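**Student:** Okay, here's the prediction I keep looking at, along with the sequence it came from:
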Amino acid sequence: FFEMRLKLNKSRRANRKEAAEEKRRFTGGAKVKAKEKNLERWKEYEKKKKELEEAGLDPDEFRVLNDTAAGHEAAEKKRKQKEKNKAPFGWNVFNQDSLYKAYTKRLAKVPKGRHNDDELRDEHSLKWGSDAPPEYMIDHMVAEIEETHARRKKFSRRRQHYNESDIDYINERNRVFNKKIKRAYDPYTVEIRQNLERGTAL
């Protein structure tokens, strides 16, 4: 019994070795080549870094010495733009920075300057807070609300399943499986299924 187990283990090892060898032959060792290339690049980087440190230079500063001023400015501008337009994710939507960012965006659209029907008021004026806002500000507020509604209509959360669709599954995994089966075989089996549902199948 013990000898048989040894033989089984030996044959298992041989099979694994052969399978690995076959995979390497068929894939052409692409993964191994990529790993070797990365290792070579890393060695080159380490060698360069060591040379710079021996020369008394900072490797991070030396890396940007070969950049042109125009290229560096363009990269910096692109980075700032990306940082500015970066959308908040998850709970960051509700943090103070995101709310302030949204506020400044809205503030940029508010009409500025004094309009013809505006009154000049000083600190001695008794009319503070006692009158209605000007008509153009009300129009601006209405336009902003309508724009927000229009913008929100463009987005819709992706639904997992529709209430109108037939329920032909017992759990989520089965639903996904049925969906794949339908995709593959519906063109051939739709008539048979309809006959079964009607009760007219032969």
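**Tutor:** Right, received. Where do you want to start? Residues are numbered from 1 along each chain as shown.

**Student:** Which helix or which strand is home to A14?
**Tutor:** helix 2-27 (DSSP states H and E).

**Student:** What residue in this structure is the furthest from its centre?
**Tutor:** No residue in the chain sits farther from the centre than F1, which is 57.0 Å out by Cα atoms, centre = their mean.

**Student:** now it: how far from T200?
**Tutor:** Going from F1 to T200 by Cβ to Cβ, to the nearest Å gives 62 Å. C-beta here means a position set from N, CA and C on the backbone, and glycine is covered the same way.

**Student:** low-confidence ranges in the protein?
**Tutor:** 28-29, 63-66, 88-89, 91, 113-131, 157-162, 201-202 (pLDDT under 70).

**Student:** Which parts of it are helices?
**Tutor:** 2-27, 30-54, 59-63, 69-85, 96-108, 135-154, 172-198 (DSSP state H).

**Student:** I'd like to know which of these is closest to E164.
**Tutor:** helix 172-198 (15.1 Å; Cβ to Cβ).

**Student:** what's the distance between the closest one and the middle of its chain?
**Tutor:** 33 Å (Cα atoms, centre = their mean, to the nearest Å).

**Student:** returning to what we had before: what's the closest of the helices of the chain to S165?
**Tutor:** helix 172-198 (10.0 Å).

**Student:** In space, what's closest to H140 - neighbours in sequence excluded?
**Tutor:** P111 (5.9 Å; Cβ to Cβ, 6 or more residues apart in numbering).

**Student:** so that neighbour touches I138, yeah?
**Tutor:** No. If you go by Cβ atoms under 8 Å, P111 and I138 don't touch, sitting 11.5 Å apart.

**Student:** what touches both of those two?
**Tutor:** Residues touching both P111 and I138 (Cβ atoms under 8 Å, 6 or more residues apart in numbering): none.
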